[in-house]
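Colleague: Sequence first, then the predicted structure:
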Amino acid sequence: MPEVELRIKGMDCPHCEMRIRKALEKVEGVTSARADHKKGRAWATLKEGTKVDTKKLVDAVNATEVYTAEKA
Ligand SMILES: [Cu+2]
């Protein structure tokens with residue numbers, strides 16, 4: 001399944017990873033997400049055949065107002 005990688009700023013523990021994961025999983029077309037605070041990265045797995053604008057993923061993370069994201 002297609003996966004989008006994001007660079008995330010502001011994560012410092014597993015709790016942050018969970019918040020990023022939840023934010024990404026709310027975006028339509030995302031089936032699951034994971035994050036790694038040590039790497040400062042997150043990955044969103046997309047539903048097969050679905051196009052998800054990376055900007056929507058970035059916006060979902062930025063909407064937390066705690067973390068910021070950019071395309072990796
Ligand atoms: Cu944290």
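Modeller: Thanks, I have it.
Colleague: longest helix anywhere in this structure?
Modeller: helix 14-25 (DSSP state H).
Colleague: Is there proximity between the helix or strand following that one and the ion?
Modeller: Using DSSP states H and E, the next helix or strand after helix 14-25 towards the C-terminus is strand 30-36. No: Strand 30-36 is not in contact with the ion by CB under 5 Å from the ion; minimum separation 10.4 Å. The way it works is simple: take the backbone N, C-alpha and C, and place the C-beta from them, glycine included.
Colleague: Can you list the strands that strand 30-36 pairs with?
Modeller: strand 41-46 (antiparallel) (DSSP bridges).
Colleague: I'd like the average pLDDT over the strand it pairs with.
Modeller: The pLDDT scores in strand 41-46 average 98.
Colleague: which element follows it toward the C-terminus?
Modeller: helix 54-62.
Colleague: packing partners for the very next helix or strand once past that next one?
Modeller: Using DSSP H and E, the helix or strand that follows helix 54-62 in sequence is strand 68-71. Judged by 3 or more CB pairs under 8 Å, 6 or more residues apart in numbering; DSSP states H and E, the packing partners of strand 68-71 are strand 3-9, helix 54-62.
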